[in-house]
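# the sequence and its predicted three-dimensional model are supplied below.
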Amino acid sequence: MKKFKTILFLVSLFLLAVCVLTDDLFKGDIAPSLLGSDFETQRRKMVEQQIRKRGIKDSDILDAFLKVPRHCFVPDELIYLAYSDQPLPIGEEQTISQPYIVAFMTDALHLSPQDKILEIGTGSGYQAAILGEICDSVFTIEIIASLGNRAKLLLEELGYENIKVKIGDGYQGWETYAPFDAIIVTCAPTQVPTPIKNQLKEGGRMVIPVGSLYRQNLVLLRKVNNQLIEEKILPVLFVPMVDTSGKTY
Ligand code: SAH
């Protein structure tokens, strides 16, 4: 009888351990991070439902979204939302844009594989990674050092040798590598900064949210005969472009 009780006790202990483990496994973030293929499924769903269905057909763009592991660009505690249809906080009161907005802005630039791109507002580095998949080289500027350094490290870890990250004020652009075939701005000034207008190549395209704190339009600019042709394409909401003292431009 005593032997039976001991066996019963050991079996219960084992079952309890199994329960605790599996519960932990499927409760929170641990499950997806253990199941690599689950992220791939989520990525495919995101591309299909949020991007392709809404009209983005360019196969280079769709392939880039299928490849870049968006869950690596969001904070650990939000990994379960990495592929959801929304922007997410990334710290320092900044956000990683909604996947569709990243796709829409990328599409508006009409990129070619040989293009050299300037991005202002590195943030998490996700948009830069998408551009890095499609184009020859990407130069991205972030004003908040902690964000810029984290993005730089992550992009290096993921093997993006064609992306250069700089900490600084993007209002000035990046003269050393100018002119650029395309410029993408992911923070909103009230006017298009003159230095970056000058750093756009003839025939180049720029997408930039322009407006006040709560009302902005996504503007597409094209340089033709050294003139900028402007087209408002979508009402949007981005964080403001600021200078090094935190003042909005
Ligand atoms: N493209 C990013 C999202 C950017 S959020 C991504 O894929 O995650 C906008 C970013 O612009 C913020 O990180 C903010 O710090 C940065 N920013 C604001 N003003 C800036 C400026 N003058 N120069 C460079 N970056 C700036």
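Thanks, I have it. Numbers count the residues shown, from 1 in each chain.

# for residue 219, helix, strand, or coil?
The three-state label given to residue 219 by DSSP: H, G, I helix; E, B strand; the rest coil is strand.

# what's around the residue nearest to it when sequence neighbours are not counted, how many residues?
Leaving aside its sequence neighbours, residue 219 sits nearest to residue 210 (Cβ to Cβ, 6 or more residues apart in numbering; 5.1 Å). Where you see a C-beta, it was placed from the backbone N, CA and C, and this is true even at glycine. When counting by other Cβ atoms under 10 Å, one arrives at 20 neighbours for residue 210.

# ditto for residue 98
Count around residue 98 with other Cβ under 10 Å applied: 15.

# just list the residues touching the closest residue in space to it that isn't next to it in sequence, thanks.
Excluding the flanking residues, the one nearest residue 98 by Cβ to Cβ, 6+ apart is residue 87, at 4.8 Å. Residue 87 is in contact with 95, 96, 97, 98, 101, counting by Cβ atoms under 8 Å, 6 or more residues apart in numbering.

# list the contacts of the last one.
In other words, residue 101. Contact analysis of residue 101 by Cβ under 8 Å, 6+ apart lists 87, 236.

# please identify which helix or strand holds it.
helix 99-108 (DSSP states H and E).

# now that helix, how far from the chain's geometric center?
10 Å (Cα atoms, centre = their mean, to the nearest Å).

# what average pLDDT does it get?
Helix 99-108 comes out with an average pLDDT of 98.

# after it comes which helix or strand?
Remark: after helix 99-108, the chain's next helix or strand is strand 116-120, criterion DSSP H and E.

# tell me which stretches of the protein form strands.
Under the criterion DSSP state E, strands of the chain are mapped to 88-91, 94-96, 116-120, 137-142, 163-167, 180-185, 200-211, 216-224, 227-236.

# can you list contacts of stretch 62-78?
Outside stretch 62-78, the residues that reach it (Cβ under 8 Å, 6+ apart) are 29, 32-33, 39, 43-44, 46-47, 51-52, 56, 79, 81-83, 88-91, 96, 99, 103, 106, 124-126, 129-130, 133-134, 154, 158.

# rewinding a little: in JSON lines: the strands of the chain, plus mean pLDDT.
Converted to JSON lines, those look like this (pLDDT from 0 to 100):
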{"stretch": "strand 88-91", "mean pLDDT": "96"}
{"stretch": "strand 94-96", "mean pLDDT": "95"}
{"stretch": "strand 116-120", "mean pLDDT": "98"}
{"stretch": "strand 137-142", "mean pLDDT": "98"}
{"stretch": "strand 163-167", "mean pLDDT": "98"}
{"stretch": "strand 180-185", "mean pLDDT": "98"}
{"stretch": "strand 200-211", "mean pLDDT": "98"}
{"stretch": "strand 216-224", "mean pLDDT": "97"}
{"stretch": "strand 227-236", "mean pLDDT": "96"}
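
# nearest to the ligand, out of the ones you listed?
strand 94-96 (3.8 Å; Cβ to the nearest ligand atom).

# counting by contacts, list what the closest one packs against.
In terms of contacts (3 or more Cβ pairs under 8 Å, 6 or more residues apart in numbering; DSSP states H and E), strand 94-96 is packed against strand 88-91.

# which parts of the strand it packs on are buried?
For strand 88-91, the neighbour count (16 or more other Cβ atoms under 10 Å) marks 88, 90 as buried.

# contacts for that strand next, please.
Outside strand 88-91, the residues touching it (Cβ under 8 Å, 6+ apart) are 73, 74, 75, 78, 81, 82, 95, 96, 123, 124, 146, 147.

# cool, thanks, signing off.
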